[in-house]
Structures are given as structure tokens and as C-alpha cells.
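Enquirer: the following block contains a protein sequence and its predicted model.
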Number of protein chains: 2
Amino acid sequence: MVTVLKLGGSVITEKDRPETLDGEALAALAEAIAAALDDGAVEDLVIVHGGGSFGHHHAAEHGVSASEGIRDVGGIMAVHGAMKTLNQFVLSRLHAVDVPAVPVHPFSAAARDADGDLTLMTEQVATMVDEGFVPVLHGDGVVHAGEAVTVLSGDELVTELAGALEADRVGLCSTVPGVLDGDDEVIPHIDDFDEVADALGASDSTDVTGGMAAKVRELLALGSPAYVFGPDAVGTFLAGGDAGTRIG
Amino acid sequence: MVTVLKLGGSVITEKDRPETLDGEALAALAEAIAAALDDGAVEDLVIVHGGGSFGHHHAAEHGVSASEGIRDVGGIMAVHGAMKTLNQFVLSRLHAVDVPAVPVHPFSAAARDADGDLTLMTEQVATMVDEGFVPVLHGDGVVHAGEAVTVLSGDELVTELAGALEADRVGLCSTVPGVLDGDDEVIPHIDDFDEVADALGASDSTDVTGGMAAKVRELLALGSPAYVFGPDAVGTFLAGGDAGTRIG
């Protein structure tokens, strides 16, 4: 009964200012997570966070993406180092409210082959969960055969983890309260991409790592229901409720 | 043709003073490594370093070993954090002489089952080597089923990496110039444990993670020749020469 929760990079950082944490938003999320663990609403939890103004700033500066690699060690260390710094902030806030969070740095635990296919070790993550820890992964660089190092996004990690750990619930905490239709209203439930394709095309929610339409398509392919919701609804999601948009 | 080189924790730190680097020794090793890569003496290199006064200090303070675990997140983060700090120092010195070193943190990439058997992901390490990087691993904590977190030593990493990457040479850079006999003379070649067991019992070289006799026994079990030598001989080893004691 594993729950995978992604904290969007835009939620926990000030996305327009390089390497700037949104400490207030992060502290509120940490409190909601601690409360859900304390009252037993959720037991087995894996957290993934995005890069926000830590990862994307350096990735853009060095011209690295999920398919275009960089070989320059200085650039690789800048991206990876910034993400480890953000991860340390997230861990600190979780530790401050007694969440037994431990770090898993994907650059150490993943590789892409020449086709770009990802191998992510998840046995350590599963053992951490079994031992009562809350593993915290993050968007990062990843070694990539023929490309040196490319980007491994938080969303790609969520998909991999949900599959490998057979997660029963997946939550994406985003800056928007759910997947929005053409009138900016939250769509309560999506289980067929074609039904919402037009409305998603009209949505003005954007994301540097692919946009909401691509995200919905990926989440529909998961074996477990996924929820897209805003920061205020993380407690509802962790308590097992319908938060934001349910996908699948 | 992968070479695995371990830099002993006692070589690169002041072992008696908590979290104190031996910057001069580390800089000399980095120069020897850079020179060997520059002149093509070695092509595919994986580095492992021990904990020295960074890892062992915290491990002893929190009572964690390879078999006795700790569950306290503060203790786990102290050990892991100190080792990431030491790893950052090692990377910085290697970058200063243009070695394309990248970090692999074993806490993110390994797990032990209930029998203590280790699973270490090595696909990312192999891909890093193929892409021209020098992966740098280190002694660390590791999640352990039933024990929470135990110690994963640099020596255990060397054994795992040598096997998985089919290393053709393994080098252990230690504070002693080789495996010493009862008269403190370097034994040039060991290929049978029984022949040297008495002499090793008389050796006064000690190591908190098992002692020289246990190390020799493990190195004899590798499929590739291993060398134990002092800091001055790292260039000789990387150039393919007989440095210190050859084992196997």
C-alpha cells in the first residue's frame, strides 16, 4: 500500500528567482505530511520533488534536457549540486516535524541506455519504506549512454516508482488546484484522454518538463489512480480523499 | 579493462581528528591519478574512498557497524552527511587537476536483505566509465532489512565493483607500503592465504573494518589481481607496474 507523492518544483521554490526556496509553502506541506503519518492516514510513503528554481535554472544555463546531454563536469556538478541542496532543504523541513525522511539521489541510482530507456534501482527505496523511512527522491541528472548526462525529471521518477513499487495512490501537488478545463474549472475525473484533449489544449497551465496534456497521458497509463491537486489539498489526498482531479 | 582504485580513509584524512582532511596527501594522489589518465596509462577508472575521520567518527558515536544497525534518522544523516562532505572534498581535488570525476553515493544505490547480502547497482557506474567519467564511490550507510541502516565499507564496495565490472586490476592505497611480514618487510606476492597466515597474525597493521588478514582473504577471492601499496606507489600501480604486495 505505497503512496507516491510528488511536490512540484514550482510549489516549493520561487520559480522565477534562481535557487530560492519557498520556505513557507514547504513548511506547510511538511506539516500536512507529518500529520497524515501521525494519525495513520498514510503508512508507506515515497516523496519525489521537482527542481523548480534550483534545477531548471542550471539545466537551462547548461543546455541540458531529457534528450540533449552535457559532458562538461562543471555543468553536471552545478545541476546535481543544486538539486542536492534543494533536497537537503526538503529533508530538513521534514525532519523538523519528525518525518523520518532519508535522501535518494537519482544520479547515483539510475542510468539511461543508448535508446534513452531508464533503469532506476528501486530495491533500496522499497527497503527504506519497509523499515519505516520516507525516501525522498528528486529531479536530477542521469548518466545516458552516448549523451553523457541528461535530465531525469521528477515526473519520470514518479512513473517509474509507481510501477516498480506497485503504488496504490499517486499524488502530484502542483501550483494549480487540479487539471483545468477551458473555463479554468477543475475537471473532477479523467479516465479517457480524448474526452479532455480539447479542454487541455485550452488550458494555460504550463510546465517546462512537458505540459499538463503530456502529464495526463502519462498518468492515465499508470496502473494506479493519480491525483493532481494544489498545496492546500495534500492532507485530503494523503487521507485517502478525492483531491483536485482524479486521473484513472 | 576497468581499474578499481581504493583510497584508504586513513590516507586522505587525519584519522585521529574528527572530520579533518589530509589535504596534502589527497592533492598528491589526485595529481598522480590525473597524470596516469593524461598519459593513457589507465583509461577506465573507478575510485572508492574510505571514511577515515569523517565516517568512522560518526559511526562509532552512533554505534553502527556492518551488522549492527541504527534507526535514528539524526544518526543516519550524520554518517551519510559526513561521507558526502568527504566525497565533495575528494571530487574537488580531482576536478582541480581536470579529472572528470562524478559522485555515486552508495546510500542511494544499495540495499541489504535480511541476511545482510548486498545489492549494489553498478549499471550507472559502468555507463559513467563508458562515457569517459571517473565515478567516485565511498563508504556509507546502507538500508538493511530488519536492521534499518548498517555500514557499507569501502572494501566491500571494491569487492562488489571488481566483480560486477569485471575489473582487470584492483588497487588499495593504504598507509602501509604493502602487506607486511613479521619483520615489517613488504611481502611481494601472496597467492595462498595459508602461506602467509602466520606472518599476517604478527602484522601490526590494523583497520577498524576488519584487519589486513581479512582483507587479504577477500582480495584472494577476487577474479583479478589486487595490489596493496602506500600513497607513493599509486602512479606505479596505475601505470600497470607491481606496486607493494600483489595478491592473487
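Expert: Cool, got the structure.

Enquirer: which one's the longest helix in chain A?
Expert: Taking DSSP state H as the assignment, the helix of chain A that covers the most residues is helix A:73-96.

Enquirer: does that helix come close to chain B?
Expert: Yes. Judged by C-beta under 8 Å from any C-beta of the partner chain, helix A:73-96 comes into contact with chain B at A:73-74, A:76-77, A:80, A:84, A:91, A:95. Yep, even glycine has a C-beta here, placed from its N, CA and C like the rest.

Enquirer: which SSE is immediately downstream of that helix?
Expert: Sequence-wise, the next helix or strand downstream of helix A:73-96 (DSSP states H and E) is strand A:101-103.

Enquirer: show residues contacting that following strand.
Expert: With contact meaning C-beta atoms under 8 Å, 6 or more residues apart in numbering or on different chains, strand A:101-103 is reached by A:47, A:84, A:87-88, A:90-91, A:94-95, A:128, A:133-136, B:73, B:76-77, B:80, B:107-108, B:143.

Enquirer: weed out the non-buried ones from those.
Expert: Buried members of those, counted by 16 or more other C-beta atoms under 10 Å in any protein chain shown: A:47, A:84, A:87, A:90-91, A:94-95, A:128, A:133-136, B:73, B:76-77, B:80, B:107-108, B:143.

Enquirer: if you count contacts, what does the helix or strand of chain A with the lowest mean pLDDT end up packed against?
Expert: Across the helices and strands of chain A, mean confidence by mean pLDDT, DSSP states H and E is lowest for helix A:193-202: a mean of 76. When contacts are defined as 3 or more C-beta pairs under 8 Å, 6 or more residues apart in numbering or on different chains; DSSP states H and E, helix A:193-202 sits against helix A:211-220.

Enquirer: what's the angle from the helix it packs on to helix A:193-202?
Expert: Angle of helix A:211-220 versus helix A:193-202, following axes from the mean of the first three to the mean of the last three C-alpha atoms, to 10 degrees, is 160 degrees.

Enquirer: partner strands of the next helix or strand after helix A:211-220 and their direction?
Expert: Downstream of helix A:211-220, the first helix or strand assigned by DSSP H and E is strand A:226-229. Here strand A:226-229 has these sheet partners by DSSP bridges: strand A:169-173 (parallel), strand A:245-247 (antiparallel).

Enquirer: picking that back up, closest to chain B among the residues of helix A:73-96 next to chain B?
Expert: Closest to chain B out of the residues of helix A:73-96 next to chain B is A:Val73 (4.9 Å), distances taken as C-beta to the nearest C-beta.

Enquirer: quick check: closest non-adjacent residue to the closest one.
Expert: Distance criterion C-beta to C-beta, 6 or more residues apart in numbering or on different chains; nearest residue to A:Val73, sequence neighbours excluded, is B:Pro100 at 4.9 Å.

Enquirer: make a markdown table out of the strands paired with strand A:226-229 and add mean pLDDT and mean neighbour count.
Expert: Converted to a markdown table, the strands paired with strand A:226-229 look like this (pLDDT from 0 to 100; neighbours: other C-beta atoms under 10 Å in any protein chain shown):
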| stretch | mean pLDDT | mean neighbour count |
| --- | --- | --- |
| strand A:169-173 | 97 | 26 |
| strand A:245-247 | 96 | 23 |
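
Enquirer: distance to B:Val216 added to these, as TSV?
Expert: Shown next, in TSV, are those (distance: least, C-beta to C-beta, whole Å):
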stretch	distance to B:Val216
strand A:169-173	50
strand A:245-247	58
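
Enquirer: can you give me the strands for chain A?
Expert: Taking DSSP state E as the test, the strands found in chain A are A:2-7, A:44-49, A:101-103, A:110-112, A:118-120, A:134-138, A:140-144, A:148-152, A:169-173, A:189-190, A:226-229, A:245-247.

Enquirer: mean neighbour count, those strands: which tops it?
Expert: strand A:140-144 (a mean of 28; mean count of other C-beta atoms under 10 Å in any protein chain shown).
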